[in-house]
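Colleague: I'd like to go over a predicted model; first the sequence, then the structure.
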Amino acid sequence: QLVESGGALVQPGGSLRLSCHASGFSLEDYAIQWFRQAPGKEREGVACASSREGNTYYSESAKGRFTISRDSAENTVYLQMNNLKPEDTAVYYCNAQNTQSGRNYWGQGTQVTVSS
């Protein structure tokens with residue numbers, strides 16, 4: 001099970017840190033992606049962390065502002081978001097995927113609203 005938290009209403013230029021906590025399995029064996037979906041738009045990937053190599057990838061809109069990280073002890077993945085913009089408003093989801101086993105988990109989403 002994956003549970004996201006940390007979404008909130010924040011002013012433009014502000015910061016948020018989203019959390020994605022896993023229970024029942026270890027995130028170490030999973031590639032993690034953060035997606036978001038704004039009203040009327042398709043779901044898009046914003047950040048990805050590979051399972052063990054430590055590689056990270058970001059969408060063009062997230063580069064330089066968002067940082068994905070893991071805390072193995074807490075079995076949690078974070079998405080630090082800085083300099084937030086109104087266009088970042090969306091429901092943010094985390095996804096954990098193990099390509100070897102085929103297991104794939106989604107969280108329930110957390111709402112981020114950027115508005116003055």
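Modeller: Yep, that arrived.
Colleague: tell me the pLDDT at the residue most central in space within the chain?
Modeller: Nearest to the mean C-alpha position of the chain, by CA atoms, centre = their mean, lies W34 at 3.1 Å. For W34, the pLDDT comes out at 97.
Colleague: in the sheet, who's paired with it?
Modeller: A47, C94 (DSSP bridges).
Colleague: Does it touch Y93 like I think?
Modeller: Yes - the criterion here is CB atoms under 8 Å, and W34 meets it with Y93 at 7.2 Å. No exception for glycine: its C-beta is placed from N, CA and C like everyone else's.
Colleague: ok, now which ones touch the residue nearest to the centre of the chain?
Modeller: Neighbouring residues of W34 by CB atoms under 8 Å, 6 or more residues apart in numbering: 18, 20, 45-48, 66, 68, 77, 79, 92-95.
Colleague: what does F35 give?
Modeller: Neighbours of F35 in contact, by CB under 8 Å, 6+ apart: R43, E44, G45, V46, Y92, Y93, C94, N95.
Colleague: Alright, calling it a day.
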